[in-house]
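Asks: Make a model of this:
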Amino acid sequence: MTGPASGGNPTVHYSLSSRVLAAGWIVVAVLLLADLFLRGEGPEIWTYASILVVTVALVYLVWLRPRVVVTERGLRMINPLRETFVPWAAVQWVDVVDVLRVHTPDRIVRSWPLRETKRQRVRDNMRREGGFVDRTDEGDPRELRPMDRAALQLRQDAERHKARPLPGPIRDIEEAGPAALGAEDRPQTMVSVEVIVVLGLTVTLIVAAFLLL
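Replies: Below you'll find the model as predicted:
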């Protein structure tokens with residue numbers, strides 16, 4: 001369900017099943033586009049092509065792009081349309097109800113891709129959240145559900161980075177993502193340029209396709 005990056009790169013948590021489905025659909029869409037332009041005739045091929053491209057853009061934004069990135073400065077919570085940077089100093093707790101959540105002094109930041117897929121587990125989490133069930137010890141991490149294991153790892157990451165915080169403001173996008181620029185000790189949310197570009201190009205393509213009819 002989740003997986004870390006290898007080597008010296010930041011650890012990345014994501015939905016493996018969503019990425020597999022996204023990659024599969026992108027391959028199918030590319031093959032359909034190739035067949036459309038090789039064998040299709042008439043202006044309507046542009047309409048069909050634009051529909052396929054729109055589905056690829058949506059799949060990218062909803063299934064492929066979302067992830068949680070662990071950096072030296074904090075957490076990049078990348079959801080379909082928005083990205084939230086949570087500095088380590090603002091991370092109070094990480095848990096799972098229906099999705100993975102990062103608790104901060106200002107609000108709770110929810111992760112779109114990291115979801116608990118077992119319905120009974122979601123119901124148990126909601127009952128525990130409402131105080132109807134006592135919280136239990138985490139036990140052996142190897143026996144935890146994937147999302148609970150990810151939450152545990154993020155809590156451990158927060159403790160480790162809080163113990164040795166990096167000095168100075170964040171000045172480099174590559175260091176912790178664009179939403180981190182100017183952030184101090186509170187979460188900061190933005191719509192990334194990447195999302196604006198993808199949506200802008202998609203809308204432009206749709207308009208151009210209809211003008212060609």
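Asks: separation between the residue lying closest to Gln92 once chain neighbours are set aside and Ala90?
Replies: What sits nearest to Gln92 in space, not counting adjacent residues and going by Cβ to Cβ, 6 or more residues apart in numbering, is His103, at 4.6 Å. From N, CA and C alone the C-beta is placed, and that goes for glycine too. In this view, His103 and Ala90 are 9 Å apart by Cβ to Cβ, to the nearest Å.
Asks: So between those two, which is more surrounded?
Replies: Between His103 and Ala90, Ala90 has the larger neighbour count (other Cβ atoms under 10 Å), namely 23 against 15.
Asks: Identify the single longest strand in the protein, thanks.
Replies: strand 108-115 (DSSP state E).
Asks: Mind telling me which residue is nearest the centre of the chain?
Replies: Nearest to the mean C-alpha position of the chain, by Cα atoms, centre = their mean, lies Pro66 at 2.2 Å.
Asks: Can you verify my assumption that it contacts His13?
Replies: No: taking contacts as Cβ atoms under 8 Å, Pro66 lies outside contact range of His13: 10.2 Å.
Asks: pLDDT value on Thr131, please?
Replies: Slight slip there: residue 131 is Gly, not Thr. Per-residue pLDDT puts Gly131 at 52.
Asks: And Ala5, by the same measure?
Replies: 47.
Asks: Which helix runs longest in this protein?
Replies: Taking DSSP state H as the criterion, the chain has its longest helix at helix 16-39.
Asks: then that one to PDB, C-alphas only?
Replies: The C-alpha atoms that make up helix 16-39 are tabulated as PDB, following Å, rounded to 0.1, in the frame of the first residue of the first chain:
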ATOM      1  CA  LEU A  16       0.800   1.400  -4.500                       C
ATOM      2  CA  SER A  17      -2.600   0.100  -5.800                       C
ATOM      3  CA  SER A  18      -3.600   3.500  -7.100                       C
ATOM      4  CA  ARG A  19      -0.300   4.000  -8.800                       C
ATOM      5  CA  VAL A  20      -0.600   0.600 -10.500                       C
ATOM      6  CA  LEU A  21      -4.100   1.400 -11.700                       C
ATOM      7  CA  ALA A  22      -2.900   4.800 -12.900                       C
ATOM      8  CA  ALA A  23       0.000   3.400 -14.800                       C
ATOM      9  CA  GLY A  24      -2.200   0.800 -16.400                       C
ATOM     10  CA  TRP A  25      -4.800   3.300 -17.500                       C
ATOM     11  CA  ILE A  26      -2.100   5.600 -19.000                       C
ATOM     12  CA  VAL A  27      -0.700   2.800 -21.000                       C
ATOM     13  CA  VAL A  28      -4.300   1.900 -22.300                       C
ATOM     14  CA  ALA A  29      -5.000   5.600 -23.100                       C
ATOM     15  CA  VAL A  30      -1.700   5.900 -25.100                       C
ATOM     16  CA  LEU A  31      -2.600   2.800 -27.100                       C
ATOM     17  CA  LEU A  32      -6.100   4.100 -27.800                       C
ATOM     18  CA  LEU A  33      -4.700   7.500 -28.800                       C
ATOM     19  CA  ALA A  34      -2.300   5.800 -31.200                       C
ATOM     20  CA  ASP A  35      -5.100   3.700 -32.700                       C
ATOM     21  CA  LEU A  36      -7.300   6.700 -32.900                       C
ATOM     22  CA  PHE A  37      -4.900   8.700 -35.000                       C
ATOM     23  CA  LEU A  38      -3.800   5.800 -37.100                       C
ATOM     24  CA  ARG A  39      -7.300   4.600 -38.100                       C
END
